[in-house]
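Colleague: turn this into a structure:
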Amino acid sequence: MTTFKPDETAPLLIFGGPYSNLQATQAIQQVAEQQGITPSNIICTGDLVAYCAQPDETVNLLREWGIHIIAGNCEESVGQGAKDCGCGFTEGSSCDLLSAQWYNFTLPRVSDANKAWMRQLPEQSCFTYGKQRFTVIHGGLDTNNQFLFASDSEVEKQQQLAQSNSDIIISGHSGIPFGQHIANGYWLNAGVIGMPANDGTAQTWYMLITPEDDQLVCRWQRLTYDYSTTVEQMTAAGLNNGYKQAVATGLWPSLDVLPTQEKTLTGRMLSLPEIIIPLA
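Modeller: Numbers count the residues shown, from 1 in each chain. Just a heads-up that it's a prediction; the model follows:
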């Protein structure tokens, strides 16, 4: 667990899952620069490397940027040189089989220096912003690769929120953005920038939290980037798989990890309402 102190007068920019997608990572950096958001107010919820073709280049950019980064399961696995990505997929599932290709591509292409840097990333972080106590995690509070989607049990989220002693949990890992006001606080997932959210568009997602009067306003934003170059890089690298198609089509190659409700939303363009968190 680490702590940090963002500038409470400025917005927070939050995103997850760069996924070795250098073009998307460059695009989110441009968003931050255009909006004047400094690295001290930017958080990444992990999984810097995964499906796409430029893992080391992506990590280098993120390190040089100097933003606050939580270790995802991919950083834990690559940093330790593990045999697989540790994504939490069911053994033998389509997701499990597909992940083997990108993981075996990625592992030897991340420098030793970047692997050592991954090993020292925090699994969780906490901070105070707008009088609210935040905890940032990757998957679940105790299990880094736990999938938690919007339709999953609020009881589970309430328990984790209580255990964290926070008002708000920011999470990643699941790949689909959502926000919920639950009994004892808020659960916010910014989504990921490196892969679409299975909603039939090539755009990806990030989140802004902005102090406005006596409240925090949480808004989910679409990220438009040069996905055609990402596809070209994957083709040149031999990553000719369903994830390459998903970058362009916005449709995941497998729905194994999704609960029933999220499966039914496949191919439907997401529209997320903003969440208002009162401070008074």
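Colleague: which secondary element of this structure has the worst mean pLDDT?
Modeller: The helix or strand of the chain with the poorest confidence is helix 94-106; it has a mean of 76 (mean pLDDT, DSSP states H and E).
Colleague: give me the next element, helix or strand, following that helix.
Modeller: Using DSSP states H and E, the helix or strand that follows helix 94-106 in sequence is helix 112-119.
Colleague: downstream of that next one, the next helix or strand is which one?
Modeller: Downstream of helix 112-119 (by DSSP H and E), the next one is strand 125-129.
Colleague: distance between that next one and the chain's centre?
Modeller: 18 Å (CA atoms, centre = their mean, to the nearest Å).
Colleague: do the same with stretch 203-215
Modeller: Averaging C-alpha positions (CA atoms, centre = their mean) puts stretch 203-215 15 Å from its chain's average.
Colleague: ditto for stretch 40-55
Modeller: The chain centre lies 7 Å from the centre of stretch 40-55; the measure is CA atoms, centre = their mean.
Colleague: surely Ser77 and Tyr103 touch.
Modeller: Yes: under the criterion of CB atoms under 8 Å, Ser77 makes contact with Tyr103 at 7.4 Å. Yep, even glycine has a C-beta here, placed from its N, CA and C like the rest.
Colleague: which residues do those two both contact?
Modeller: The contact sets of Ser77 and Tyr103 overlap at Asp84, Cys85 (CB atoms under 8 Å, 6 or more residues apart in numbering).
Colleague: can you give me the helices in the stretch 1-150 of the chain?
Modeller: Along the stretch 1-150 of the chain, the stretches classed as helices by DSSP state H, counting those that start in this stretch are 22-35, 55-65, 73-80, 94-106, 112-119.
Colleague: nearest to Ser125, of these?
Modeller: The closest of the helices of the stretch 1-150 of the chain to Ser125 is helix 73-80. By CB to CB, the value is 13.7 Å.
Colleague: helices and strands around the closest one, which ones?
Modeller: Where contact means 3 or more CB pairs under 8 Å, 6 or more residues apart in numbering; DSSP states H and E, helix 73-80 is packed against helix 112-119.
Colleague: if we go to 10 Å?
Modeller: Applying 3 or more CB pairs under 10 Å, 6 or more residues apart in numbering; DSSP states H and E, we find helix 73-80 packed against helix 55-65, helix 94-106, helix 112-119.
Colleague: who wins for proximity to Cys85 among the ones you listed?
Modeller: Here helix 94-106 is closest among the helices and strands packed on helix 73-80 (CB to CB), at 4.6 Å.
Colleague: can you give me the strands in this structure?
Modeller: 2-3, 12-15, 42-44, 68-69, 125-129, 132-136, 168-171, 178-182, 185-189, 204-212, 215-223, 275-278 (DSSP state E).
Colleague: Lys263: neighbour count?
Modeller: As a burial measure, Lys263 scores 14 neighbours (other CB atoms under 10 Å).
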